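Asker: Fold the stuff below for me.
(one chain, ligands or ions: 2)
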Amino acid sequence: MSKSLQAIRGMNDILPEQTPLWRYFENTVARLLDNYGYKQIRMPIVEFTELFKRSIGEVTDIVEKEMYTFEDRNGDSLTLRPEGTAACVRAVLEHGLTGAGQPQKLWYIGPMFRHERPQKGRYRQFHQIGLEVFNIEGPDIDAELIVLTWRLWGLLGIRDAVKLELNSLGTSESRGRYKVALVEYLSAHLDKLDEDSQRRLKTNPLRVLDTKNADTQAVLVDAPKMADYLDDESRTHFEGLKARLDAAGIPFVINTKLVRGLDYYSKTVFEWVTDKLGAQGTVCAGGRYDGLVEQMGGKPTTGVGFAMGIERLILLLETLEKVPEEISRQVDVYLCAFGEAAELAALALSEQVRDQLPNLRLQVNAGAGSFKSQFKKADKSGALYALILGDDELAQQVIGFKPLRGQGEQQNIAFDALAAHLATCVVQG
Ligand code: ATP
Ligand code: MG
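Answerer: Residues are numbered from 1 along each chain as shown. Ligands and ions are numbered 1, 2, ... in the order given. You can find the predicted model right below:
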């Protein structure tokens with residue numbers, strides 16, 4: 001195929017054989033979030049570039065080098081969203097959803113775009129499910145966000161494969177004092193820091209904590225610790241969160257180097273990580289961002305949220321072989337009809353059956369074909385039963401009913417008894 005007809009590198013088609021697992025995952029999450037009282041919001045995929053610069057921060061990896069930014073025909077600078085929080089806050093402010101201190105528990109799902117180096121678990125178009133909670137300031141809601149993800153891992157059967165890492169970044173005042181101490185310490189060891197960290201020391205010093213460079217990591221061993229700079233308010237909040245996680249029986253580890261890539265976090269930050277996916281081990285990450293709404297022009301409004309990477313969780317389900325068998329079967333019954341008269345009767349009959357059994361997954365053969373070829377298609381469809389309608393059956397107003405997976409004998413069923421019969425043998429979702 002010529003190069004111009006290929007998908008963009010790092011932007012993947014999700015093929016029919018993969019969509020059942022995606023839908024299973026998405027439906028599981030959607031039901032869970034309904035049950036916890038979260039409401040879905042849908043934002044546009046494109047926003048003004050300014051939105052992301054103002055919220056995510058000018059000196060973050062995302063804004064510095066990962067955004068898909070372009071000028072539209074009006075000359076406006078637009079960007080494909082690299083994450084969901086900024087747009088969600090914009091929408092909440094624009095529509096007054098948090099006016100008068102009103103709490104909101106929101107979630108969204110959809111594609112995000114970042115110009116990163118594509119590799120396993122890292123793509124240029126990827127998908128997130130994100131949650132954002134506004135105007136609830138206590139650690140109870142931080143705990144709920146974590147508790148519900150823990151429940152999700154339980155539903156998916158992957159609890160053993162993920163670990164919760166927690167940290168507190170304090171309020172912006174305590175973080176400010178910590179930054180001064182950290183910069184002072186690191187400046188004294190400047191020659192031992194890698195190039196990236198030297199640069200970050202000037203632009204975004206907390207990000208140095210996140211380095212993968214071994215020499216810089218060695219310098220960090222004796223660096224000042226955020227925990228020693230936490231103000232009382234943040235300390236109490238963090239203790240409250242830990243007590244709730246203990247009460248819920250959720251294991252966690254404190255990772256004092258956890259800082260997250262975005263500028264807007266405060267107090268709680270957390271990541272769910274796995275060692276089963278190689279370098280791209282974070283499957284879900286988030287934290288509190290009490291200053292963001294105000295920074296974006298709203299009234300002071302607390303916020304806390306997280307996003308999970310759907311591709312990484314799908315990969316994890318596949319790696320751990322936690323893909324439920326039943327999700328790949330998408331047909332219950334396959335109807336084969338032979339000849340024009342039988343096809344017409346089959347169409348009328350199948351529509352009657354659908355009226356009575358709206359959840360039945362009934363596939364009617366299309367494209368005619370010999371007995372052998374239709375039967376092959378019935379079998380390949382994964383259906384549990386085949387229905388067979390030829391001239392002989394039509395004359396008697398019956399249809400052949402044939403179990404395809406060794407559950408009983410073939411028999412003829414009267415047209416008007418078909419729906420009732422199918423109802424007894426197909427479990428309907
Ligand atoms: P990472 O450290 O892996 O780059 P991040 O800190 O940039 O992640 P967030 O912005 O917090 O990630 O996004 C939340 C989640 O979205 C991540 O934990 C991950 O599961 C997923 N994610 C982020 N970037 C990508 C990507 N390029 N491809 C696939 N999934 C991604
Ligand atoms: Mg990243």
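Asker: Within its local environment, how many residues does the residue of the chain found nearest ligand 1 see?
Answerer: Ligand 1 sits closest to residue 309 of the chain, with a gap of 2.4 Å, by Cβ to the nearest ligand atom. Every C-beta, even on glycine, is put in place using the N, C-alpha and C of the backbone. For residue 309, the count of nearby residues is 23 (other Cβ atoms under 10 Å).
Asker: Surely it is in contact with residue 126?
Answerer: Yes: if you go by Cβ atoms under 8 Å, residue 309 and residue 126 touch, sitting 6.1 Å apart.
Asker: ok, residues contacting stretch 155-165?
Answerer: Residues outside stretch 155-165 that contact it (Cβ atoms under 8 Å, 6 or more residues apart in numbering): 25, 28, 32, 146, 150, 153, 245, 250-255, 258, 270-276, 283, 313, 316-317, 320, 322.
Asker: How far does that stretch stretch from one end to the other?
Answerer: End-to-end span of stretch 155-165 (Cα to Cα, to the nearest Å): 21 Å.
Asker: Okay, and residue 198 sits in which element?
Answerer: Taking DSSP states H and E as the criterion, residue 198 maps to helix 195-203.
Asker: For the very next helix or strand once past that helix, buried residues please.
Answerer: Later in the chain than helix 195-203, the nearest helix or strand by DSSP H and E is helix 214-220. The neighbour-count check on helix 214-220 (16 or more other Cβ atoms under 10 Å) flags 216, 219-220 as buried.
Asker: So what's the gap between helix 214-220 and the chain middle?
Answerer: Here helix 214-220 is found 33 Å from its chain centre; the criterion is Cα atoms, centre = their mean, to the nearest Å.
Asker: got the CA positions of it in CSV?
Answerer: The C-alpha trace of helix 214-220 is given here as CSV (Å, rounded to 0.1, in the frame of the first residue of the first chain):
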residue,chain,number,x,y,z
ALA,A,214,21.1,7.0,38.0
ASP,A,215,23.7,9.7,38.8
THR,A,216,21.0,12.2,39.5
GLN,A,217,19.1,9.6,41.6
ALA,A,218,22.2,9.1,43.7
VAL,A,219,22.3,12.9,44.4
LEU,A,220,18.7,12.8,45.4
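Asker: thinking again about what came up before, and the residue of the chain closest to ligand 1, what's its pLDDT?
Answerer: pLDDT, residue 309: 98.
Asker: for the one 3 residues further on, same thing?
Answerer: Residue 312 is assigned 98 on the pLDDT scale.
Asker: Check the gap between it and residue 279 for me.
Answerer: Residue 312 sits 11 Å away from residue 279, going by Cβ to Cβ, to the nearest Å.
Asker: With residue 137 instead?
Answerer: Residue 137 sits at a distance of 35 Å from residue 279 (criterion: Cβ to Cβ).
Asker: how about low-confidence regions in the stretch 201-350 of the chain?
Answerer: 261-263 (pLDDT under 70).
Asker: got the residue ranges for the helices in it?
Answerer: Counting by DSSP state H, counting those that start in this stretch, the stretch 201-350 of the chain has helices at residues 214-220, 232-247, 292-295, 310-319, 340-356.
Asker: Tell me which other helices or strands the second one touches.
Answerer: Same thing as helix 232-247. Here helix 232-247 touches helix 139-156, strand 162-168, strand 266-274, going by 3 or more Cβ pairs under 8 Å, 6 or more residues apart in numbering; DSSP states H and E.
Asker: that older thread, out of the helices of the stretch 201-350 of the chain, which comes closest to residue 89?
Answerer: Proximity to residue 89 (Cβ to Cβ) singles out helix 292-295 among the helices of the stretch 201-350 of the chain, at 5.8 Å.
Asker: List the buried residues for stretch 143-162?
Answerer: For stretch 143-162, by 16+ other Cβ under 10 Å, it's 143-153, 156, 158, 161-162.
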